[in-house]
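Student: I'd like to go over a predicted model; first the sequence, then the structure.
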Amino acid sequence: MRWDVVATAFPALLSAVPMTLQLAFIAVAAGFFLAVLLAVARLSGIRGLSGLAYAYVYVIRGTPLLLQIFFIYYGAGQFDAVRASPFWPILREAYWCALLALSLNTAAYGSEIIRGGLMSVPKGQIEAARAFGLSGMRLFRLIVFPQALRVMLPAYGNELILLLKATSLASTITIIDVTGMARTLASQTYAPVEVFVCAGVIYLALTTLSTLAVQSVEGRLRRRGGLALQG
């Protein structure tokens, strides 16, 4: 083990952590809103709308994320309509292509998590709430969403961790995240083992912190749920 390489590589890799976190958390936030729309479409009962949402989820979940990144980054520019559109200044930048691919990918998986959470709420509770005069957004905010959130959060926490690790694929289109920096350092130092061990330690620390954060939120929701039942 070349400790001089480790001492040099570790600070350089840490400088790329903000890019990794930025890609992960922006993609999760953007993907969540799209996932909600997809889940609502799947549960809408409108055949055409539900079918389109199902087809989107089926295609995204059935193809590799790396292929999706390549398709957006390399493939979008092949279409004249895309190059002539106002979106071209965004789609020609590697950062935005990576962010778009990650967001679209996590939206497909997140929609299934949200759909499962919404379907887990007993229909009897919804009918009882309607009997007490709750409807629309009040019904969703007070009855449906709090219960669905407790079901969704563990799975969505796993999705966040998976996406955090999946950001490493952005390095394939020149993004200098932790993996991108590791590849650069490995080619410069000719010490790939030391460099990638450092990168692995950083990813392990990030996923551990993310896991602890999700578990903390789960604990708070569980305690609030218990207090609500006691009340």
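Tutor: Structure received.

Student: where do the helices sit along this structure?
Tutor: Using DSSP state H, the helices found in the chain span residues 3-14, 17-43, 47-62, 65-70, 80-84, 88-91, 94-119, 123-131, 136-139, 145-166, 178-189, 192-230.

Student: so which of the ones you listed gets nearest T172?
Tutor: Smallest distance to T172 across the helices of the chain (Cβ to Cβ): 6.7 Å, for helix 65-70. C-betas here are computed from N, CA, C, even on glycine.

Student: Quick one: low-confidence residue ranges for this structure.
Tutor: With pLDDT under 70 as the threshold, the chain has low-confidence stretches at 224-231.

Student: can you rerun that using 90?
Tutor: In the predicted model of the chain, residues 1-6, 40, 43-45, 75-92, 117-154, 157, 214-231 satisfy pLDDT under 90.

Student: Just give the nearest non-adjacent residue to the spatially most central residue of it, would you?
Tutor: With distances taken as Cα atoms, centre = their mean, V28 lies nearest the centre of the chain, 3.6 Å away. In space, V28 comes closest to L160 once its chain neighbours are excluded; the distance is 5.5 Å by Cβ to Cβ, 6 or more residues apart in numbering.

Student: Contact partners for the one you found?
Tutor: Listed by Cβ atoms under 8 Å, 6 or more residues apart in numbering, the contact set of L160 reads A24, V28, S210, V214.

Student: As TSV, the helices of the chain with distance to T172 would be great.
Tutor: Converted to TSV, the helices of the chain look like this (distance: least, Cβ to Cβ, whole Å):
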stretch	distance to T172
helix 3-14	18
helix 17-43	13
helix 47-62	18
helix 65-70	7
helix 80-84	21
helix 88-91	17
helix 94-119	9
helix 123-131	46
helix 136-139	42
helix 145-166	12
helix 178-189	9
helix 192-230	15
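
Student: Please identify the deepest-packed of those.
Tutor: Burial of those is given as mean neighbour count (mean count of other Cβ atoms under 10 Å); helix 94-119 ranks first at a mean of 21.

Student: How far off centre is it?
Tutor: Its chain's C-alpha centre and that of helix 94-119 lie 6 Å apart, by Cα atoms, centre = their mean, to the nearest Å.

Student: and that helix with helix 145-166, angle?
Tutor: Calculated by axes from the mean of the first three to the mean of the last three Cα atoms, to 10 degrees, helix 94-119 forms an angle of 150 degrees with helix 145-166.

Student: which secondary structure elements does helix 94-119 contact?
Tutor: helix 17-43, helix 47-62, helix 65-70, helix 88-91, helix 145-166 (3 or more Cβ pairs under 8 Å, 6 or more residues apart in numbering; DSSP states H and E).

Student: roughly how far is stretch 27-46 from the heart of the chain?
Tutor: Centre-to-centre, stretch 27-46 and its host chain are 13 Å apart (Cα atoms, centre = their mean).

Student: what comes into contact with that stretch?
Tutor: Contacts for stretch 27-46 (Cβ under 8 Å, 6+ apart): 49-50, 52-54, 56-57, 99, 102-115, 118-119, 159-160, 163, 167.

Student: what sits up against stretch 193-202?
Tutor: With contacts defined as Cβ under 8 Å, 6+ apart, stretch 193-202 is touched by 1-2, 5-6, 9-10, 13-14, 17, 178-179, 181-182, 185-186, 189.
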